[in-house]
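Trainee: Mind folding the following:
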Amino acid sequence: MEQVGWARDLAKKLLERPLPRRWAHSCGVGVRGESLAPILGRDADLLAAAAWLHDIGYSPELVDTGFHPLDGARYLRDVHGADERLCRLVAHHSYAVFEAEQRGLLDVLEAEFPRERPELLQALTYADMTTSPDGNPLTVSARLEEIPTRYSPEHLVSRSIANATPSIIAAVETVEGKLASADVRLGRPGKVVADSQSH
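Mentor: As a prediction, this is how the structure comes out:
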């Protein structure tokens, strides 16, 4: 939990004042990430830390390439000497490879930050893509509909999300299935998944 506390404090320092809405989103994703502990075992703290830090690359202090997954991961690596796996998760969160390709940065991203294990990337995608810009839970379909409303239809973010949609949906469904199975084992059938569909 020490790593999670550090991650939360760092994200707050970088985002709360300059980007309060991005901070609110990060809070929601962080809490969502922490809720995945029942299905992550020894990687629970790593994933939760990545959830809190996933959007720090938007901080005005960190912007370099303008591609926030890469800028955030580089900052964690170069300034804080952060865990390599944590940097990889931030670099590749929510199928960032699709936007990296649109930006001509895919080779750079993958050379500097190889992809982390699929189940962890799926878990981080779930946390991000079932959390609204204001930090509230919502369905993945609502999230996918919401993102392009903040950009023009031809914006590279809109194109990237469109290309990533099948992968994002598959990741969220996989994690929801694991959560449902975990709840059944713990005698709470459907609790977490029902929560993710309730807003």
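
Trainee: Tyr151 is in contact with Val157, correct?
Mentor: Yes - the pair formed by Val157 and Tyr151 meets the contact definition of C-beta atoms under 8 Å, at 4.9 Å. In short, each C-beta sits where N, CA and C put it, glycine included.

Trainee: What segments of the chain are helices?
Mentor: 2-15, 20-34, 37-40, 44-53, 68-80, 84-91, 97-103, 106-112, 118-129, 140-146, 156-185, 191-196 (DSSP state H).

Trainee: Looking at these, which is nearest to Ser59?
Mentor: helix 2-15 (4.0 Å; C-beta to C-beta).

Trainee: for the closest one, which positions count as buried?
Mentor: Across helix 2-15, burial judged by 16 or more other C-beta atoms under 10 Å covers Gln3, Val4, Ala7, Arg8, Leu10, Ala11, Leu14, Leu15.

Trainee: now swap in stretch 111-120 and tell me
Mentor: Going by 16+ other C-beta under 10 Å, stretch 111-120 has these buried residues: Phe113, Glu116, Leu120.

Trainee: end to end, how far does that stretch reach?
Mentor: Stretch 111-120 has an end-to-end distance of 19 Å (criterion: C-alpha to C-alpha, to the nearest Å).

Trainee: Which one of the helices of the chain lies nearest to Glu61?
Mentor: helix 2-15 (6.3 Å).

Trainee: Grab the CA positions of the closest one and hand them over as CSV.
Mentor: The C-alpha trace of helix 2-15 is given here as CSV (Å, rounded to 0.1, in the frame of the first residue of the first chain):
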residue,chain,number,x,y,z
GLU,A,2,3.0,2.3,0.4
GLN,A,3,3.3,2.5,-3.4
VAL,A,4,-0.4,3.4,-3.8
GLY,A,5,-0.1,6.2,-1.3
TRP,A,6,2.9,7.6,-3.1
ALA,A,7,1.1,7.4,-6.4
ARG,A,8,-2.0,9.1,-5.1
ASP,A,9,0.1,11.9,-3.6
LEU,A,10,2.1,12.4,-6.8
ALA,A,11,-1.0,12.5,-9.0
LYS,A,12,-2.6,15.0,-6.7
LYS,A,13,0.5,17.2,-6.7
LEU,A,14,0.6,17.2,-10.5
LEU,A,15,-3.1,17.4,-11.4
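
Trainee: Run through who's touching stretch 10-24.
Mentor: Under the criterion C-beta atoms under 8 Å, 6 or more residues apart in numbering, residues 26, 30, 52-53, 55-56, 58-62, 80, 133-135 lie in contact with stretch 10-24.

Trainee: can you do 7 Å?
Mentor: Residues from elsewhere that reach stretch 10-24, judged by C-beta atoms under 7 Å, 6 or more residues apart in numbering: 26, 52-53, 55-56, 58-62, 133-135.

Trainee: same check, this time on stretch 147-163
Mentor: Phe98, Glu99, Gln102, Arg103, Leu144.
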